[in-house]
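Peer 1: Here is a sequence with its predicted model. Questions after.
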Amino acid sequence: MRSTKGERTFYLFNYVLLTLAGILCLLPLLHLASLSLSGKNAVLSGFVSLWPQEITFESYQLLFEGTPILRSLGNSMLITVVGVALSMIVTICAAYPLARREFYGRRWISLAIVFTMLFTGGLIPTYLVVSSLGLVNNYGSLWLPALVSTYNMLIMRSFFENIPEELVEAARIDGSGEWRLLLRIVLPLSLPVLATIGLFYAVYYWNSFFNVMIYINSPEKLNLTVLIQQMVRSQSVLQEINAMDTQQVSNITPEGIKAAGIMVMILPMLVVYPLLQKYFVKGVTLGAIKG
């Protein structure tokens, strides 16, 4: 069918609006990348905008040599990998039984879980629970409170409910138990929603900031997000770099170091997202409630 004039106008408006929104999101990223790759004179002169001037990698070299960014990067990777694995296991184990129609009381259990989206215990009770479990200054304090997201669990449950019941019945006729049915039938058919929910959890754990500030006391255990925040807001990390007796220190600016740190922090998510993008829309759409 040919689109009407009103539909073409609507599509054109959407394309223009989304293109402008994409450009507005891209400009700050390009500016940060340009600052991190530009020389000292270009940065101080204020001529750096969207393209680097006097291209140099000294900001990145000093960042890795003069700051504990590699240690913080390793901490972030550990928090993210273990956190995503634990959260995916718990989310799957919660969503699958609630998606089975023969599961007794699943409606009331679902309502109880949704209730936690509206009312929570609060910061102080949560801290007291974590402290009583001996998890302060331990990464378990980051994983346990965020072990399952109600929103992610509901998306996954809706996706499981859309799997044809005939496949489930055929597997049971062949003698499959619940665990084999889940591992051999349901999960292989659910790759879109698994990739989507996994990305949600990965972004959450990678960007963990507030919980790290509350529960983690040792500087050696801080993640990359907190380290970059300390670089941006305080001068302690930059002073460590300035204490280095090298010629390179005089060739960089604090703005270049900060921009390089921010780029290192956001680069892993920029790499992972395009790999999972083909599953992203499909996972959210198929996992949504249909009218």
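Peer 2: Now that the structure is in, tell me what you want to look at.
Peer 1: rest of the way, CA atoms for contacts and neighbours
Peer 2: Will do.
Peer 1: For P52, which three-state class applies?
Peer 2: Following DSSP: H, G, I helix; E, B strand; the rest coil, P52 is assigned to coil.
Peer 1: Nearest residue to it in space, please, no chain neighbours.
Peer 2: Using C-alpha to C-alpha, 6 or more residues apart in numbering and skipping residues adjacent in sequence, the residue nearest P52 is S34, 4.2 Å away.
Peer 1: Which secondary structure element is home to the one you found?
Peer 2: helix 5-37 (DSSP states H and E).
Peer 1: Any figure for the gap between P219 and V90?
Peer 2: Separation of P219 from V90 (C-alpha to C-alpha, to the nearest Å): 30 Å.
Peer 1: so after the lowest-mean-pLDDT helix or strand in the chain, what's the next helix or strand?
Peer 2: For the chain, using mean pLDDT, DSSP states H and E, the weakest element among its helices and strands is helix 236-242, scoring a mean of 59. Note on helix 236-242: by DSSP H and E, the next helix or strand toward the C-terminus is helix 254-286.
Peer 1: helices and strands around that next one, which ones?
Peer 2: Judged by 3 or more C-alpha pairs under 8 Å, 6 or more residues apart in numbering; DSSP states H and E, helix 254-286 is in contact with helix 5-37, helix 58-66, helix 150-161, helix 191-206, helix 224-233.
Peer 1: Between those helices, which one is closest to A94.
Peer 2: Of all the helices and strands packed on helix 254-286, helix 150-161 sits nearest to A94, with 7.1 Å by C-alpha to C-alpha.
Peer 1: May I see the buried residues of the closest one?
Peer 2: Buried residues in helix 150-161, defined by neighbour count with 16 or more other C-alpha atoms under 10 Å: T150, N152, M153, L154, I155, M156, R157, S158, F159, F160, E161.
Peer 1: Please convert those to JSON lines, extending it with pLDDT.
Peer 2: Formatted as JSON lines, the buried residues of helix 150-161 follow (pLDDT from 0 to 100):
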{"residue": "T150", "pLDDT": "90"}
{"residue": "N152", "pLDDT": "91"}
{"residue": "M153", "pLDDT": "91"}
{"residue": "L154", "pLDDT": "90"}
{"residue": "I155", "pLDDT": "89"}
{"residue": "M156", "pLDDT": "90"}
{"residue": "R157", "pLDDT": "91"}
{"residue": "S158", "pLDDT": "88"}
{"residue": "F159", "pLDDT": "88"}
{"residue": "F160", "pLDDT": "89"}
{"residue": "E161", "pLDDT": "87"}
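Peer 1: For G66, state which of those residues is nearest.
Peer 2: So of those, ranked by how close each gets to G66 (C-alpha to C-alpha), first place is N152, at 39.4 Å.
Peer 1: Provide a list of residues in contact with the closest residue to that closest one other than its chain neighbours.
Peer 2: Leaving aside its sequence neighbours, N152 sits nearest to I197 (C-alpha to C-alpha, 6+ apart; 6.2 Å). I197 is in contact with M88, N152, M156, counting by C-alpha atoms under 8 Å, 6 or more residues apart in numbering.
Peer 1: if you skip the residues just before and after it, what's nearest to W143?
Peer 2: G83 (5.6 Å).
Peer 1: Now for the one you found: which residues touch it?
Peer 2: By C-alpha under 8 Å, 6+ apart, the contact set of G83 is W143, L147, Y201, A202, Y205.
Peer 1: what's the answer for M263, then?
Peer 2: Neighbour list for M263: L32, A33 [criterion: C-alpha under 8 Å, 6+ apart].
Peer 1: And the pLDDT at it?
Peer 2: As predicted, M263 sits at a pLDDT of 89.
Peer 1: again, but for I89
Peer 2: At I89, the pLDDT value in this model is 94.
Peer 1: what number of residues lie near it?
Peer 2: Here the number of neighbours of I89 (other C-alpha atoms under 10 Å) works out to 13.
Peer 1: sorry, back to before: pLDDT of the helix holding S34, averaged?
Peer 2: Helix 5-37 shows a mean pLDDT of 89.
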